[in-house]
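Chemist: Give the three-dimensional model of this entry:
(4 chains)
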4 protein chains.
Amino acid sequence: MARALQYIATASLVVGSVRGAKYGVGGVFNGLARTPQMGWDNWNALGCSVSEDLLTQTAQLIVNYGLRDVGYEYVVLDDCWSNGRSSNGSLVPDYSKFPNGMAAVADNMHNLGLKFGMYSSAGSMTCGGYAGSLGYETIDAQTFASWGVDYLKYDNCYNEGESGTPLITYTRYKAMGDALNATGRPILYSLCNWGEDYPWKWAQTIGNSWRMSGDIYDSFDAADANCPCTGDEGYDCALPGFHCSMMNILNKYAPLVSKSQPGAWNDLDMLEVGNGGMSDTEYVTHFSLWAATKSPLIMGNDIRVMSPSALSILTNPAVIAISQDPSGSSITRRWRYYVPETDVFGQGEIQLWSGSLSYGDYVVVLLNAGNAARPMNATLEDIFWLNGPGGTASQIQQAWDIYDVWANRMPNATAAAIIAANGTSSVDLTPYYWNATQTSYAEGLAANSSLLMGNYTGTVQPRGTINTEVEAHGVKMFRLRPHASGSATKRDEL
Amino acid sequence: MARALQYIATASLVVGSVRGAKYGVGGVFNGLARTPQMGWDNWNALGCSVSEDLLTQTAQLIVNYGLRDVGYEYVVLDDCWSNGRSSNGSLVPDYSKFPNGMAAVADNMHNLGLKFGMYSSAGSMTCGGYAGSLGYETIDAQTFASWGVDYLKYDNCYNEGESGTPLITYTRYKAMGDALNATGRPILYSLCNWGEDYPWKWAQTIGNSWRMSGDIYDSFDAADANCPCTGDEGYDCALPGFHCSMMNILNKYAPLVSKSQPGAWNDLDMLEVGNGGMSDTEYVTHFSLWAATKSPLIMGNDIRVMSPSALSILTNPAVIAISQDPSGSSITRRWRYYVPETDVFGQGEIQLWSGSLSYGDYVVVLLNAGNAARPMNATLEDIFWLNGPGGTASQIQQAWDIYDVWANRMPNATAAAIIAANGTSSVDLTPYYWNATQTSYAEGLAANSSLLMGNYTGTVQPRGTINTEVEAHGVKMFRLRPHASGSATKRDEL
Amino acid sequence: MARALQYIATASLVVGSVRGAKYGVGGVFNGLARTPQMGWDNWNALGCSVSEDLLTQTAQLIVNYGLRDVGYEYVVLDDCWSNGRSSNGSLVPDYSKFPNGMAAVADNMHNLGLKFGMYSSAGSMTCGGYAGSLGYETIDAQTFASWGVDYLKYDNCYNEGESGTPLITYTRYKAMGDALNATGRPILYSLCNWGEDYPWKWAQTIGNSWRMSGDIYDSFDAADANCPCTGDEGYDCALPGFHCSMMNILNKYAPLVSKSQPGAWNDLDMLEVGNGGMSDTEYVTHFSLWAATKSPLIMGNDIRVMSPSALSILTNPAVIAISQDPSGSSITRRWRYYVPETDVFGQGEIQLWSGSLSYGDYVVVLLNAGNAARPMNATLEDIFWLNGPGGTASQIQQAWDIYDVWANRMPNATAAAIIAANGTSSVDLTPYYWNATQTSYAEGLAANSSLLMGNYTGTVQPRGTINTEVEAHGVKMFRLRPHASGSATKRDEL
Amino acid sequence: MARALQYIATASLVVGSVRGAKYGVGGVFNGLARTPQMGWDNWNALGCSVSEDLLTQTAQLIVNYGLRDVGYEYVVLDDCWSNGRSSNGSLVPDYSKFPNGMAAVADNMHNLGLKFGMYSSAGSMTCGGYAGSLGYETIDAQTFASWGVDYLKYDNCYNEGESGTPLITYTRYKAMGDALNATGRPILYSLCNWGEDYPWKWAQTIGNSWRMSGDIYDSFDAADANCPCTGDEGYDCALPGFHCSMMNILNKYAPLVSKSQPGAWNDLDMLEVGNGGMSDTEYVTHFSLWAATKSPLIMGNDIRVMSPSALSILTNPAVIAISQDPSGSSITRRWRYYVPETDVFGQGEIQLWSGSLSYGDYVVVLLNAGNAARPMNATLEDIFWLNGPGGTASQIQQAWDIYDVWANRMPNATAAAIIAANGTSSVDLTPYYWNATQTSYAEGLAANSSLLMGNYTGTVQPRGTINTEVEAHGVKMFRLRPHASGSATKRDEL
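Modeler: Residues are numbered from 1 along each chain as shown, chains lettered A, B, ... in the order given. Now for the predicted structure:
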C-alpha cells in the first residue's frame, strides 16, 4: 500500500495508536515543520545581492508588516555569503557583506522573534561557485549551529557525480541531515536537489522538505527550453532545469501529493508573489495552490518594495489556515482538461483539486488556467473521490456549507496603509490578520474563527454540484464544512 | 530465450525431465503457492481499523460462508497492528487492538482451518508510520514464526533510498525472504514494492508473489493524477502511485504475463469485489481477469457486510478453477483496440486474451471495456496465437467445445440465504460451491466436474470464430475443451 | 567519435596500422566469429524437446543437404539438457535424453565436420528451470571445454537481480567470458541478455555476439503485448519480452548498426525461415535482412522436415556472401516512411538500407513492409549517404552495375530433389551452392564468382536513381559494383 | 537554485566576492579555456588518415591563412596515431605515420605559435581499435605531458561497461583529469562521452568541456537511424549515436545552456564548415550557433583544400567576438515553432535565441530552419525574457542599437586571394581579421572596435520589436548595445 492519504482519513486511529510506537506519522525526522515552513528567502528577487543590511532591513519589515505574526518565521540567506574556508576548514563569511559575521545576523533575527536560515550545497561548490559542503558536512553543520542557524537550504550544484540512483543521492543528503541533528540544535533541513532521483521516495526520514522540480520562474505558464519535461510524466525528469512556470511545477507535482506529511513536505519552490511577472489574479492562484498543496510558503519578493496587492495575498488568513492545517494533507487533483482558450504561450487547461482538512472540513480548488473566464463546477462525487469512488464516499450523502477563502481579502488601500505606516500602530490589523504567535491556526480553526473560514457563500446539497465562475488564470478556493442538520438551504449553487 | 510460456506448451517434457534436476519449474523459492494464494486482507475496506475482534469475526464468517472451503485460506492482517519494539528489539503488538497478542490470533485462525498472514515493510517504517523491518529482518521473521504466522505481506515505504537498480531492491527484499526461510516455518512471502525496479525480473527466486503496479482503487477505469503512467509503456513507471483503476493495472500487466509461474506470481493487487465502487458487471470482469491472470485472489471487502452479489462472484467455482489450474499459466493479451464508445472518464477499448489450462483446455476472455454492449468475436487463429502464429498452431485445426464459466453463477437469492443463514446448515451449498478442502480443483478438473467447467454453449469448428455479445464493461470468459471427434456440431457460433 | 563505420571507409589505413598494435579492429575478444557465425539451434522449432537423436539426425541432414558446406557450422543444443549438478558441482547431462553424455555428442558433431554449441544462463537457473551458471562460471566453462564444446549461448533468466546498469550486467557476463577463455579451448561466446543494459555498449570485448532484443516470433510484423517498446526509441526497452516480430526487431536494430564489427556482432535472434508463420516472400525478406545486418545466421527450423522453399532460401550463395563479407559492416537504414497500405495488424512502411562490402562493392536493400506491391526507388545520394551527405560522397559520381542477389535462387524442384536425395550424389549442387569449406566467401568474392554476385540487371548512371518494383512484405536486395569505365549502359533504371 | 545564468546578471558582485574565496566562478578545474577553445581536429574531414605531414602542412596553413591569429590555437590529432604499448606500458606512436615521434610534432606546433592536442579513449581501446587509456591514466598522462601535449580529447569507446550512473562515468573520467593535472603541465581536458550519464551535471569540476550529443554529421537537418532521440526530450538519450545533424544537436542542446561557464563548456562537436554537406547559408547558421552557444570552435575541414567561403566564415571577427566574449554565457532559446515550409527531410521550424554579453551588450539569433525565406521578429520582452518575464526586465524599457554581425563578412574574392597568397604579405588582412594574439577579443570589445561589433543597422525603441527577414536555413545574428540617450532614432524596425 502506498496510500498515505488513507491514513489521514483514519487519522484518529493512527494518532491514537502511535503514542506508544517508536515512530509516528510525521515524527519521521527531527520533529520540526509539523506544518509547512513559512518565511522569506532572498534568491528569487535578489540573487547574489546579499548583505547584513538586506537581512536586517527585511527582517524589520517582516515584523513591521505583520508578516511574522501571520507565520513567516524563517529569514533565509541564500547563496553568495561566504569567502572560502579558514585554516581549520570552517566556512568563513564574506565580511564585506556581513561585517559582523553570521552569528550577529542570527542574533538580530532571534531578537526580532524570527528564525535564521542559511544555505549550502551538497557539492564541492555552491551554485554560485562558493565553497560547498560535500565532505564538510560535520564541520559545516557545527558552524551553522554555532552561529545560531535554525534552517538550512541545501542545494545540488557541483555534486561530483554523486547521483544516478536514489541510494547515491540519499546517502549524500543524509550526511548533512545526520550532521545537523548531531549538533543538538533544532535545524530545519530543506533539501534542494530539484527532484533528482525522486526525493519523494526517500527524503521523509532525513529532511523536512524537498524540492520536487526545477527552479520556479515568475510566470504563470510560459515555457522556455530551460525547463524541459512538459509532458504527462513531467515529474520523471532527467534535467530539472530552471525557468519552470507556476503551472509547469503544479503539473509535475500532481502525482506526488501523497508523499508529504507533517514534518516532511514536497517543496514546489519559493513564492514569486510580488515579483511582477504575473498578474494579481495569477498570484492569487499561485498562492492558493502553494498553500493547499502544503508547499513551504517562502516569500520570494523584495520586502523593501512590497506592493499592497502582494501584501494582501501573502497575509490572507483563510488561505494560510489551509496551509497550516494540522492534518498536513495536500489537495489531490481529481481531473484535468485542456480547453480551447489558450494564451499567447499556447497553454489552456482547467483542473479540479480537493483535499481533507482538520475538523471535518475539506478544501476544493477550481483552477481555470484557460485564457478566458468560464463557468466551472465540481460534483461532490468528484470532490470526495479520494474518500471513495463511484459514489461510495459517505461525504457525498450530506450537505456542505461553502466558504470562499478569498472573499475577505484585505483591500489594497488597507495594505497600502500598512506599508505606509511601516510598523506604527496607525493601522488596525485585527480585521484582516491572524496573529499566529498568539493563537495558532489550529486553535483558531478549532474555535471556528470566521477569519480563518472565509465567507459563507451557500450550501451544496447531498450528491449536489458546486457551480461557480472562475476568471482567466484564476482559482476559486472553497472550504467545505458539514452543513448543520436541519438548516440546509435549498440551493446547491453559489 | 525468455519464453516461459513455451515451457507450458511442452510441459510434459519439462515435468518429466525436472524430477532429477536440482531445480524445477515452480520449485524456485520455498515450494508454497503452487497455485495463486487465496485469502482476505483488511486494507482495501478497513485500512488501519484493525483489531482482534475484526479478525475473529471475519475469520468465522469466512468459514461460515463457505469461503474457506472454496479456497480463501489466508487471513491477512495489514498495517497498523504494532506498538514499537521491545527492549530486545522485537516487534510488540498494540495490545489495545490485540489484547491477547498475535499468537492467540494465529491460533484462532488455525483452529478455524485458516492460515494467518501479517504485514511489515522493507523500510524503517511501515506506510502507516509503525516500526518497519529494514535492518530487523532476522528478528522480525523469527517473531512472526514464533507467533505462528503463515504469510507475510512486505511493503516498500520508508525504504531509506534503497532502490534504483534491480540489484539494490532485490538485495533488500531477499534479506527478508532468507530470514523467513531460515525460521523453518513455511511462510508465504508476498512482496509489495509496487513494481519498482522490475520485480518480475528477479523476485521468482526470493518470494512467492510481487505486486507489479501501484495500489488498486475501487474503480473500473477512472484515472486520477495519483496513478501516473497511463501510456503504452505504463509498466515502466517511475512513480507507481495509488488510485490505479482495474483497467489501469490490467494494461500495465499485459507485457508481464510470462513472468509468473507456480510458486511465483505477478500480484495485480487485492480484490475490490464488494466494496461498492464498481457495478456487478464490472466486478465480474475484475474477478475474471484476476483469476485468469493468476493474480493472488485476496478478498478486499468487509466480510461482515458481504453482499449477495459479491459472495456469488467470489465463490464461482468455474472461475476459481481457472485461477487454481495446476498449469499456473496466465492468459496473454492477443489484441487491444480502442473503441468510440467511451465513458465519462474518456476510456473505451476492447481486448482479447487467451491462455492454456491443464488437461488440454484453454481459456478465452473477450473484454468489452467500452461503454456500450457490442458483438465481439475471436478467431481460433488469434486464440491460439501463442501456440503458433500465422495458422501454424495445430490447435486451430480441431473443433472446440465452448463452456461459459459464468453461466452457472449462483443466484443472488441463494447468496442472500447463505449470508442470512450464517453458517447454519439451512442452505445447501452443493449446487454452487466447490469444496476444495475435500477435492482439489486439480482433481475436480481431472474428473471433468461440471461445476468447474461452466456451461456448454456450443462448439467452434476448425479454423472457426467464436462470436458472442459482451455487455458494457463486461467480459465473456470461456473454457475451451477439445471437441470429441465424431460429434462435432455444425455451428461455430454461440 | 563513435563512428565505427567510418573506419570501414578507411579500412586500408586501419588494417595497415593495426599490425603492430596491441589491439586491432575485430581482434577485440577471442579471435572467433570474424564473420557472423552460422549454424542451427533447436529452440525456435523444438523448445525443450531435445535429445541425442535429435542432434544426430539434424547434424547428418545438415551435412547431407549441403548446409554445412555453405557455412552452417555450429549445431547448438539449447535449454533443457541437464539434470542438476554432481557432488563436485559440475553439471550433469540428462542421460535419459543424452544416454552417451555430451562429449559423445560433440565427437559426433566433430566427426561430421561440424562444431558443437551448448547453452546455459547467467542466472541461478536456466529459463527452463535447470541449473544455471551464475557463480559456477569456472567449473561450467571447464566442463564445456572438457566435453569439446565450441560455442556457448548464455541466457539471462533468474539473474538474481544482477542488472540495472551496464556495469552490473557486464560484470556478470564477463565472468563467463573470462572462464571460457581460461579453458584454452576456442569457444564462441554468444550473449543472450535480450539487450538489457545496452550490451552494444560493452559486449564487444567480452563476447562474440549479443542479442539486442526480446525473442523473435515467427511473424512478419504482428504485435502482441508480450513484446512491448514498439515506438521510435524501441531499442531502449525496460522489458525486452518475446513474441517480437521480424519487423519489430529490425526497427529496434536500426540505431545499432555501428556497434558490431568482425568478432563482435549484434544478434537479431535465430532465424524463423521454414517454421511456417511467414510466407515465402516474408522469409526471403527476413533472411536478406539478417544477412545484410550481419546478424548471426542460426537456422531455427526443424531440419528433419525441411521444406524446399526454406532450403532454397537458406542456401542462397549471393545472400550468404553478403553476410560473410570480410568487411563485416552492417547495412544502415537511410530512410523509413509509413505507407497507407497496412495489413491486418495495422502495419505498413517502406525502408531503404545500404552499406559497404569488400572489394569496392555496396549493398542496397529496398524493403516494402506495406501490404501491396509498389514501385520503389533509391537515389545514389541516399545509397551513399554514409559516405558523405549532401552529394559529397565521391561514390555518387560514378556509374554502378546492379546485381540482384535473389535472381539466381534455386528452383523449388531442385531443392525438393536435394531433400529427396538426402545426401546421395544424385543432385548436382554446383549450379546453386557455394562450398565454403573449399573456397571461402572472401576468396570467391575476390575472384568475382558469379554465384556470389547475383544477376546483373542494369547499370545506374552517376547521380542516378535505382528504380524497381517490390512486392508486399518483400525486398529487393542488390549488390552494386563499380561500372567498368567505357562500358556504361545508358539506362539508369532496372 | 540551478540558475548559473543569474550569476551572470550579477557578475560584478560575484567577481568581487570571489577574490578571496577558495573557488570562483570558472576556476572550477584547471584554469584553462576561460573562453571556449578554438582549434582544428582532423577527424571530421580525414578520419584515420593521419601523419606528421598532415599536421605539419595543416599547422603551417593555419598560420599562413591567419587562422592562428584569429584564435584557432589548438591543432588536435585524433585517433589512429599509436602502435601499442612499450614494454614499460607507455603508448608508442606509429612511426610509419610519425617518423619523428610525437614530441617532434609538438615542438613543431609550438614553434609555429600553436598548441598541440592528442586523443585517447576512456576505454580498453580507442574507437579505432588502438590501445586505450582505461587503467593507464597515470602513465598516459605522463607520456602526453612529456611529449609537450597541451590538449587531450578523451573518447568513450570500449569502456568495459563502466557507465550507467553519473557516479560511474564521473569516476572513470576523473581518473584522467586528475592524472593530467598531476603532470604539472597545463593540458586542456576535452571529455567526449557523447552526453552519456549527463556530463553537464558533473563534468565542470573535472574537465574543460564535454560533448553533449552523438557525433555531428555534415548535414543541416537530415535524420537517419544512426542518431536516435529526435523528440522533445532528445537530450536524454540512451544511445547517442552519430550522424547527428546540426539542427539535431542544437535541439538537444537547448535545455543545457546554463550548464557551461568559463573553463567548462558544453561541446556541440567539431565544426563541419567547409566539408561540403551544407550550403554556405547553412554553414553561416552552423558557425553562428556554435559561437553563440559557446561551444568549442574546432575546425573540422581539411585546411589544405580550404574554400574561400569557408575561410570567410571561420574568420568573421564579430562572430568570434561573441564566442570569445569574457562573460562566457550561452544564448538561451526563447521560443521554437514548427512551420509548414518543410524540406525534403520533412523538417521545418523557427527559433529565437538570445543571451547576454559583456559590456552591457546582448546577442539575438533569429533562426529560420524552414525551407523558405520568411519575415521574422523578436520582441524585447522575448529577447530579455531571461532577465525577467512578463515585462519585468528593466532592459525592455530602453532603446537598443542593433548591429548585424554578418554584415561585414569578408568577400569571397578576398578570401580566395588570401588562400592564393598562402602566407605571403600580398593580402592585407586588417580590414577583415581580428588579430587576437595582439589584442584579445575582450580588449577589443572594451575598446568598441567596430570590427567586433558588426554593422549598425538600426535602433529598436523601448518595448519595441526587431523585424527582419531571414533566408531559408539561415540566421540573423545581432549584437544589441544600449542606445546612447538623446540620440535614439525613431524607427524600431530594421
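
Chemist: need the strands for the stretch 251-400 of chain A, in chain order.
Modeler: Across the stretch 251-400 of chain A, reading from the start of the chain, the strands by DSSP state E, counting those that start in this stretch fall at A:265-267, A:297-299, A:332-338, A:349-356, A:362-368, A:374-379, A:400-404.

Chemist: can you tell me if the third one touches chain B.
Modeler: Yes - using CB under 8 Å from any CB of the partner chain, a contact is recorded between strand A:332-338 and chain B, made by A:332-336. Where C-beta positions appear, they are placed from N, C-alpha and C, glycine not excepted.

Chemist: on that earlier part again, which of the strands of the stretch 251-400 of chain A sits closest to D:L445?
Modeler: Across those, the minimum distance to D:L445, taken as CB to CB, is reached by strand A:297-299, at 39.1 Å.

Chemist: Is the closest one in proximity to chain D?
Modeler: No - using CB under 8 Å from any CB, strand A:297-299 stays clear of chain D, with a minimum separation of 12.4 Å.

Chemist: now do stretch A:360-374
Modeler: No - Stretch A:360-374 stays clear of chain D (CB under 8 Å from any CB), getting no nearer than 14.8 Å.

Chemist: For the stretch 1-150 of chain A, which segments count as helices?
Modeler: Ranges of helices within the stretch 1-150 of chain A are A:4-9, A:11-18, A:43-46, A:52-64, A:67-70, A:101-111, A:137-147, based on DSSP state H, counting those that start in this stretch.

Chemist: what does the stretch 51-200 of chain A have sitting close to chain D?
Modeler: Residues of the stretch 51-200 of chain A lying near chain D (CB under 8 Å from any CB): A:78-80, A:82-85, A:94, A:96-97, A:124-125, A:127-131, A:155-165, A:168, A:192, A:194.

Chemist: again, only this time at 7 Å
Modeler: Within the stretch 51-200 of chain A, the positions lying close to chain D (CB under 7 Å from any CB of the partner chain) are A:79-80, A:82-85, A:94, A:124-125, A:127-131, A:155, A:158-165, A:168, A:194.

Chemist: These in strands, which ones?
Modeler: A:82-85, A:155 (DSSP state E).

Chemist: Show me which helix runs longest in chain A.
Modeler: Longest helix of chain A, by residue count under DSSP state H: helix A:166-182.

Chemist: for that helix, which positions count as buried?
Modeler: Residues of helix A:166-182 classed as buried: A:166-170, A:172-177, A:179-181 (neighbour count, 16 or more other CB atoms under 10 Å in any protein chain shown).

Chemist: distance between it and the chain's centre?
Modeler: Between the mean C-alpha point of helix A:166-182 and the mean C-alpha point of its chain there is a distance of 23 Å (CA atoms, centre = their mean, to the nearest Å).

Chemist: try stretch A:268-281
Modeler: The gap between the average C-alpha position of stretch A:268-281 and the chain average comes to 13 Å, counting by CA atoms, centre = their mean.

Chemist: That one and chain B, are they touching?
Modeler: No - Stretch A:268-281 lies apart from chain B when judged by CB under 7 Å from any CB; the minimum separation is 14.5 Å.

Chemist: before we move on, back to that, in JSON lines, list the ones in strands among the residues of the stretch 51-200 of chain A next to chain D along with pLDDT and neighbour count.
Modeler: Converted to JSON lines, these look like this (pLDDT from 0 to 100; neighbours: other CB atoms under 10 Å in any protein chain shown):
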{"residue": "A:S82", "pLDDT": "98", "neighbour count": "25"}
{"residue": "A:N83", "pLDDT": "97", "neighbour count": "22"}
{"residue": "A:G84", "pLDDT": "97", "neighbour count": "17"}
{"residue": "A:R85", "pLDDT": "97", "neighbour count": "17"}
{"residue": "A:D155", "pLDDT": "98", "neighbour count": "27"}
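
Chemist: Just the closest of these to chain D, please.
Modeler: When these are compared for distance to chain D, the smallest value, 4.0 Å, is given by A:G84; criterion: CB to the nearest CB.

Chemist: Next one: that closest one from A:N100, what distance?
Modeler: For A:G84, the distance to A:N100 equals 18 Å [CB to CB, to the nearest Å].

Chemist: Which one of the buried residues of helix A:166-182 is nearest to A:Y72?
Modeler: The shortest distance between A:Y72 and any of the buried residues of helix A:166-182, using CB to CB, involves A:L180 and amounts to 22.0 Å.

Chemist: Now for A:V305, how many residues are close by?
Modeler: Under the neighbour criterion other CB atoms under 10 Å in any protein chain shown, A:V305 is assigned a count of 12.

Chemist: Point out where chain A drops to low pLDDT.
Modeler: The model of chain A has pLDDT under 70 over residues A:1-27, A:486-494.

Chemist: Would you mind measuring from the residue lying farthest from the centre of it to chain C?
Modeler: Each residue of chain A has a distance to the centre, and by CA atoms, centre = their mean the biggest one is for A:S87: 38.9 Å. Distance, A:S87 to chain C, by CB to the nearest CB, to the nearest Å: 40 Å.

Chemist: One more: A:S295?
Modeler: 32 Å.

Chemist: from memory that residue sits against A:D267, does it?
Modeler: Yes - with contact defined as CB atoms under 7 Å, A:S295 and A:D267 form a contacting pair (5.9 Å).

Chemist: any idea whether A:F478 is helix, strand or coil?
Modeler: Assigned state for A:F478: strand (three-state reduction, DSSP: H, G, I helix; E, B strand; the rest coil).

Chemist: ok, now which ones touch the closest residue to it other than its chain neighbours?
Modeler: With CB to CB, 6 or more residues apart in numbering or on different chains as the measure, A:V364 is the residue that lies nearest to A:F478, at 4.6 Å, once sequence neighbours are left out. The neighbourhood of A:V364, defined by CB atoms under 7 Å, 6 or more residues apart in numbering or on different chains, consists of A:354, A:378, A:383, A:466, A:478, A:480.

Chemist: who wins for neighbours among the residues you listed?
Modeler: A:F478 (30 neighbours).

Chemist: mind listing what A:A393 touches?
Modeler: By CB under 7 Å, 6+ apart, the residues touching A:A393 are A:384, A:387.

Chemist: Kindly apply the preceding question to A:S120 instead.
Modeler: Applying CB under 7 Å, 6+ apart, we find A:S120 in contact with A:126, A:132-133, A:140, A:152, A:154.

Chemist: Same list, the residues you listed, but as CSV with distance to D:M247 please.
Modeler: Shown next, in CSV, are the contacts of A:S120 (distance: CB to CB, whole Å):
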residue, distance to D:M247
A:T126, 35
A:G132, 37
A:S133, 41
A:D140, 45
A:L152, 44
A:Y154, 39
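
Chemist: interface residues of the stretch 201-350 of chain A facing chain D?
Modeler: A:214-215, A:217-219, A:222, A:224-226, A:228-229, A:238-242, A:275-278.

Chemist: I'd say A:G423 and A:I62 touch.
Modeler: No - between A:G423 and A:I62 there is no contact, the gap being 10.3 Å when judged by CB under 7 Å.

Chemist: and chain A, what are its domains?
Modeler: Following automatic domain parsing, one gets these domains for chain A: A:36-323, A:332-408+A:454-482.

Chemist: how far does the longest one stretch from start to finish?
Modeler: Taking CA to CA, to the nearest Å, domain A:36-323 runs 7 Å from one end to the other.

Chemist: so A:K174 makes contact with A:I206?
Modeler: Yes - contact criterion CB under 7 Å: A:K174 and A:I206 qualify, at 4.6 Å.
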